[in-house]
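>>> Pasting the sequence and the predicted coordinates here, then a few questions.
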Amino acid sequence: MLHQSFARLGHKLTEDINPTSLPEMPHSTKALEGNVLAVLVRRGSHHFPDPSHFAQLPGFKPKVTGYDYAYSHVGNGCCLNSAGLRTPYCQRRHVTARYCQMYCNIVASCMGYQTYPSHCFLVLARADAPPGFVSCFNQDNLLDVGDQVDQETEANCYRREHEKSASTCTMDTTL
């Protein structure tokens, strides 16, 4: 269905994107709807450099809700764990703060995120990193976000607190 929808719009997806072969995303009520988002998260957004581009394709009516967590701003600096060491993280370049939070929302094991000019650092283990987050550091350090930050003035640290709502993630792909 996804390939057909794109074909009608004059776009072509490569054959390696097969939404029906991906497992359902958590909180999804319909496998296909969850899998549309899973294509972006698990296969990467290299087909759509900015995830918002996918949602703005003609004929698509996105209704994306859910995966909504509350975050606290720990401070201006790099995230430190409860032992006072830099948190384990995986980074990706050219990601805005808004999309950095979106990636953290989607990855269940993400403990928080850190923004740095045009970079996104997700606080998580390397095994849980979404596509595109290939540079991982401090992986032997304790995986949590404490109450302190270091002196890196260009960074901002955010800790995931709790899920705000148990809403579903849906995307209407009708033309």
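That came in fine, so what should we check first? From a predicted model like this one, the values you see are computed outputs, not experimental measurements.

>>> Please count neighbours and contacts with C-alpha atoms only from this point.
OK.

>>> Quickly note the distance from Phe121 to Leu85.
15 Å (CA to CA, to the nearest Å).

>>> now swap in Gln101 and tell me
From Gln101 to Leu85 the distance is 22 Å (CA to CA).

>>> again with Pro131
26 Å.

>>> These two: which has the busier surroundings?
Shown here are Pro131 and Leu85; by other CA atoms under 10 Å, Leu85 has more neighbours (18 against 14).

>>> Now name the helix or strand holding the residue nearest to the more buried one when sequence neighbours are not counted.
Sequence neighbours aside, Asn141 is the residue nearest to Leu85 in space, at 7.1 Å (criterion: CA to CA, 6 or more residues apart in numbering). For Asn141, there is no enclosing helix or strand under DSSP states H and E.

>>> what sits against Asn141?
Listed by CA atoms under 8 Å, 6 or more residues apart in numbering, the contact set of Asn141 reads Leu85, Arg86, Thr87, Pro88.

>>> Could you rank those by neighbour count and give me the top one?
Thr87 (32 neighbours).

>>> What residues does it make contact with?
Counted by CA under 8 Å, 6+ apart, Thr87 has contacts Cys79, Leu80, Asn81, Val123, Asn138, Gln139, Asn141, Leu142, Leu143, Asp144, Val145.

>>> Redo those residues as CSV? Include distance to Val107, secondary structure and pLDDT.
Formatted as CSV, the contacts of Thr87 follow (distance: CA to CA, whole Å; DSSP: H, G, I helix; E, B strand; the rest coil; pLDDT from 0 to 100):
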residue, distance to Val107, secondary structure, pLDDT
Cys79, 18, strand, 97
Leu80, 20, strand, 98
Asn81, 19, coil, 97
Val123, 10, strand, 98
Asn138, 19, coil, 98
Gln139, 17, coil, 98
Asn141, 19, coil, 98
Leu142, 18, coil, 97
Leu143, 15, coil, 97
Asp144, 15, coil, 96
Val145, 16, coil, 97
